[in-house]
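Colleague: this one's structure only:
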């Protein structure tokens, strides 16, 4: 079973359990990524798609720790984030700041580059197995809960 953390109103698959802090988006479970109301080892996979950049560094560690807790050994994690390293993103961001101000940035308090995400995951008990650029601006990483 997959847990889709921060799903809003759109789960990654119909078979996933959607969890989101925002109840008005109608997830299956209203909860924070910092305190997932599930038993240890209760999911085979978890997705955090465009979620961790909305948290500061401490909350990112806590949320990923919770994901590690609820995954079975060898369970899969998929994380996607805006790819700040990608040049086109920086150009779009420059124009965004000058036209809309920092309205978008106030929600994106923990922007990480791909190498930062790759470095963070092993420190929290995950082995990175893939890293790819998707769409125009995003980076997606696949990881596995380490057995150690």
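Modeller: Arrived safely. Given the structure is predicted, the values throughout are model-derived calculations rather than measurements.

Colleague: So which residues of this structure form helices?
Modeller: Taking DSSP state H as the test, the helices found in the chain are 57-70, 87-100, 114-123.

Colleague: between the last one and helix 57-70, what angle do the directions make?
Modeller: If you take axes from the mean of the first three to the mean of the last three C-alpha atoms, to 10 degrees, helix 114-123 sits at 50 degrees to helix 57-70.

Colleague: Tell me which residues of helix 114-123 come out buried.
Modeller: By neighbour count on 16 or more other C-beta atoms under 10 Å, the buried set for helix 114-123 is 114, 116, 117, 120, 121. Heads up, the C-betas are built off the backbone N, CA and C, glycines and all.

Colleague: Same check on the first one?
Modeller: If you call a residue buried by 16+ other C-beta under 10 Å, then helix 57-70 has these buried ones: 59, 60, 61, 62, 63, 64, 66, 67, 68, 69, 70.

Colleague: Redo these as a markdown table? Include pLDDT and distance to residue 144.
Modeller: Putting the buried residues of helix 57-70 into a markdown table (pLDDT from 0 to 100; distance: C-beta to C-beta, whole Å) gives the following:
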| residue | pLDDT | distance to residue 144 |
| --- | --- | --- |
| 59 | 93 | 23 |
| 60 | 92 | 19 |
| 61 | 94 | 18 |
| 62 | 96 | 20 |
| 63 | 96 | 18 |
| 64 | 95 | 13 |
| 66 | 97 | 17 |
| 67 | 97 | 12 |
| 68 | 96 | 11 |
| 69 | 97 | 15 |
| 70 | 97 | 14 |
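
Colleague: how long is stretch 63-78 from one end to the other?
Modeller: 13 Å (C-alpha to C-alpha, to the nearest Å).
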